[in-house]
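J.: sequence and predicted model, in that order:
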Number of protein chains: 2
Amino acid sequence: MNKQLKLSKRPEGMPDADTWNLENNPIPELKEGEVLIKNHYISLDPAMRGWMRDVKSYIPPVQIGEVMRAGSIGEVVKANNHPTFKVGDVLTGWGGVQQYIVTDGKGYYAVDTNLAPMPTYIGTLGMPGMTAYFGILEVGKIKEGDVVLVSGAAGAVGSVVGQIAKIKGCRVIGIAGGAEKCKYLVDELGFDGAIDYKNESVHAGIKEHCPKGIDVYFDNVGGEILDAALARLRMHARVVICGAISQYNNTTAIKGPSNYLSLLVNRATMQGMVVMDYAANYKEAAMNMGMWMAQGKLKSKEDIYEGIENFHSTFERLFSGDKKGKLVLKVLEN
Amino acid sequence: MNKQLKLSKRPEGMPDADTWNLENNPIPELKEGEVLIKNHYISLDPAMRGWMRDVKSYIPPVQIGEVMRAGSIGEVVKANNHPTFKVGDVLTGWGGVQQYIVTDGKGYYAVDTNLAPMPTYIGTLGMPGMTAYFGILEVGKIKEGDVVLVSGAAGAVGSVVGQIAKIKGCRVIGIAGGAEKCKYLVDELGFDGAIDYKNESVHAGIKEHCPKGIDVYFDNVGGEILDAALARLRMHARVVICGAISQYNNTTAIKGPSNYLSLLVNRATMQGMVVMDYAANYKEAAMNMGMWMAQGKLKSKEDIYEGIENFHSTFERLFSGDKKGKLVLKVLEN
């Protein structure tokens, strides 16, 4: 039997527990060319909130009655003449919030768990890491000596953004919620400074840590923090729009950045990105990030919860910020 | 004697008549290397409102007691051993709202009034035209077949933006206030369509005229119109932030674009620009635009008022939209 979490309604504001419905369904027989993946872990990402919205976006919305979309990693336990994958392969892809996946393998790729543990492949070596890598390098176009500010800095994307910027010789300041996360950024990840948005003025913090302004701002949060960053751009600055966690559960209109005319004053650029566009180069990115991890320059931290039943409470941590590193849910039952 | 309009206070909201003070001052003697320009015309531009604000921007603010900054064109009537300019030369530069200018000539250049009349040199062949030229070509990066939307389309910048986009083979839609201006865009300037924001829904108009969305949006106005345009971007669209007329007289915070996350969904770019950055290439732009004017492909229209005393009432037309073409004030007294 396969426990599957299906979307049961379109939430308004912060999703409640009734937003999804946990079902227990039989696993269908494999057709020719299909594999059965026993799912171990799923990735929890702020972007999930957007996928639940019935609007045109970069990816179709999850439909009511469909398994909730999620990045996943698990092991092939059965294969029916699959051309590439065999029993024992560990595959990552968009498996969704369920315990078993029947698939023809499209969009999945095999990973080597001798090099990194499974959760890392849906974190730093998965979509969040890829988002960070291409966002800061290709869109942010960082160069040595740049002052880089990143919000959501202790999160799965932000923590990698900041570490890559450090590797590339930038001065890096992170914005995160709480003293513990800020200490983690500086002491463990080597950030040059951190601003605790829950306990200090972000405006004052940016002024203090970036006295000459910001060359690249990597935004995961939107809202007031985006405005504070815009107010301190340097000439020809780049603002990478990766997400807007602060706005995802809004029931009113999204707060647009009042300070957007700073783009004009500073001849700056604000650009949006979606990681899927860089799929052709994931392999190269994974090689570089794997190397940095092996060299101890790039640290990966996962915060792993257990049990598909606990999806909702784990999901809430994305927005409350009550987590330490990349949020992962183990859906495998021992 | 020299009538000079000086800034007398920092306005809140829409400047009233007391914002400037008209003085009549003697003309100082020329020092070695200086010229005296008898000013004929000054340019009125929405950007003037920004120059009156005491904030860090792309250009220092006009100080209280200083002559109000303005683009100008006039004739050299006296020269004291100037290395380049002589009596009879027609010079354009930042002469300000006054009837005579004493200058060492820095920032001024001579133009040929046999090729175009003086007002055109502070319009289509001056800063507004240069802004349009570099904004749509260098920042907007238009290519043949692009769908280009421009706001403030009947204005000094917007009308040139649209015409250049037509010359480059784009489909061009303009947004302007009133049926007369819209008719002018389509019938006289060759736009493919026009949206009258004073009498129709801009959202509906964009949907109708750009059914497949917008490749390049050139924004002069900000506010609700910027949001409407963002809602209809195509993939990899470019948004050129040239100005925000709708917000310049705000007494409350600027309205940020609520739909800025469309940049993410559509991997689009929003970039600010300031014309001064392109000074090294003005000559090339003037040659191209002059050629297009001679070929009848680029039309220039000025709305000329008279009398330095009428500066305030003319200035108000920038924001009420009560003007037909590039707004110019003749400060020369016959």
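T.: Now that the structure is in, tell me what you want to look at.
J.: now do the nearest residue to A:Gln63 once chain neighbours are set aside, the pLDDT please.
T.: The spatial neighbour of A:Gln63 that comes closest, neighbours along the chain excluded (CB to CB, 6 or more residues apart in numbering or on different chains), is A:Leu7 at 7.1 Å. Any C-beta I mention is one placed from the backbone N, CA and C, and that applies to glycine too. Listed pLDDT for A:Leu7 reads 98.
J.: what residues does the stretch 101-250 of chain A have near chain B?
T.: Residues of the stretch 101-250 of chain A lying near chain B by CB under 8 Å from any CB of the partner chain: A:222, A:227, A:241-244, A:247.
J.: try 7 Å this time
T.: Counting by CB under 7 Å from any CB of the partner chain, the positions of the stretch 101-250 of chain A adjacent to chain B are A:241, A:244.
J.: picking that back up, how close does the residue nearest to A:Gln63 sit to A:Ala229?
T.: 34 Å (CB to CB, to the nearest Å).
J.: now do the helices in the stretch 151-300 of chain A.
T.: A:156-167, A:179-183, A:202-209, A:223-230, A:262-265, A:282-294 (DSSP state H, counting those that start in this stretch).
J.: what's the burial count for A:Thr314?
T.: By the criterion of other CB atoms under 10 Å in any protein chain shown, A:Thr314 has 20 neighbours.
J.: these two touch, right, A:Asp272 and A:Ile241?
T.: In this structure residue A:272 is Gly, not Asp. Yes. Contact criterion CB atoms under 7 Å: A:Gly272 and A:Ile241 qualify, at 4.4 Å.
J.: residue of the stretch 101-250 of chain A nearest chain B, please.
T.: A:Ile241 (4.9 Å; CB to the nearest CB).
J.: what residues are bridge-paired with that residue?
T.: Beta-bridge partners for A:Ile241, by DSSP bridges, are A:Asp219, A:Gly272.
J.: A:Leu91 now?
T.: The partner residues for A:Leu91, given DSSP bridges, come to A:Gly74, A:Ala110.
J.: let's see the pLDDT reported for it.
T.: Listed pLDDT for A:Leu91 reads 98.
J.: quick one: A:Asp277 from chain B, how far?
T.: Relative to chain B, A:Asp277 is positioned 6 Å away (criterion: CB to the nearest CB, to the nearest Å).
J.: show me the contacts for that residue.
T.: Shown in contact with A:Asp277 (CB atoms under 7 Å, 6 or more residues apart in numbering or on different chains): B:Arg267.
J.: hmm, try it at 10 Å
T.: A:Asp277 makes contacts with A:58, A:134, A:138-139, B:235-236, B:267, as judged by CB atoms under 10 Å, 6 or more residues apart in numbering or on different chains.
J.: again, but for A:Asn259
T.: A:Asn259 touches A:226-233, A:265, B:253-254, B:256, counting by CB under 10 Å, 6+ apart.
J.: of those residues, grab the buried ones for ChimeraX.
T.: Burial among the contacts of A:Asn259 is assessed by 16 or more other CB atoms under 10 Å in any protein chain shown; the matching ChimeraX selection reads:
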select /A:226,227,228,229,230,231,232,233,265 /B:254,256
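J.: picking up where we left off before, A:Val150: which of the helices of the stretch 151-300 of chain A is closest?
T.: Among these, the nearest to A:Val150 by CB to CB is helix A:156-167 (4.8 Å).
J.: right, and A:Val139 touches A:Ile241 too?
T.: Yes. Counting by CB atoms under 10 Å, A:Ile241 is a contact partner of A:Val139 at 8.7 Å.
J.: of the two, who's got more company?
T.: A:Ile241 (28 against 23).
J.: wait, the more buried one sits on B:Met270?
T.: Yes. Judged on CB under 10 Å, A:Ile241 makes contact with B:Met270 at a distance of 8.9 Å.
J.: okay, and the common contacts of the two?
T.: Shared contacts of A:Ile241 and B:Met270, counting by CB under 10 Å, 6+ apart, come down to A:257, A:270-272, B:260, B:262-263.
J.: highest neighbour count among those?
T.: Busiest of the shared contacts of A:Ile241 and B:Met270 [other CB under 10 Å] is A:Pro257, holding 30 neighbours.
J.: which residue packs closest to it, ignoring adjacent ones?
T.: B:Gly256 (4.2 Å).
J.: ok, now A:Leu189?
T.: Using CB to CB, 6+ apart and skipping the chain neighbours, the partner closest in space to A:Leu189 is A:Gln163 (5.7 Å).
J.: residues in contact with that neighbour?
T.: So A:Gln163 contacts A:124, A:132, A:136, A:150, A:172, A:185, A:189-191, A:289, A:292-293, A:297-300 (CB under 10 Å, 6+ apart).
J.: which members of the contacts of A:Asp277 are positioned in strands?
T.: Cross-referencing those against strands under DSSP state E gives B:235-236.
J.: closest one to A:Val87 out of the contacts of A:Asp277, please.
T.: Ranked by distance to A:Val87 (CB to CB), those are led by A:Phe134 at 33.1 Å.
J.: the closest one: neighbour count?
T.: Neighbourhood size, A:Phe134 [other CB under 10 Å]: 22.
J.: who are the contact partners of the closest residue to it other than its chain neighbours?
T.: Spatial nearest neighbour of A:Phe134, excluding adjacent residues (CB to CB, 6+ apart): A:Tyr278 at 4.2 Å. Neighbour list for A:Tyr278: A:130-131, A:133-135, A:137-139, A:284-285 [criterion: CB under 10 Å, 6+ apart].
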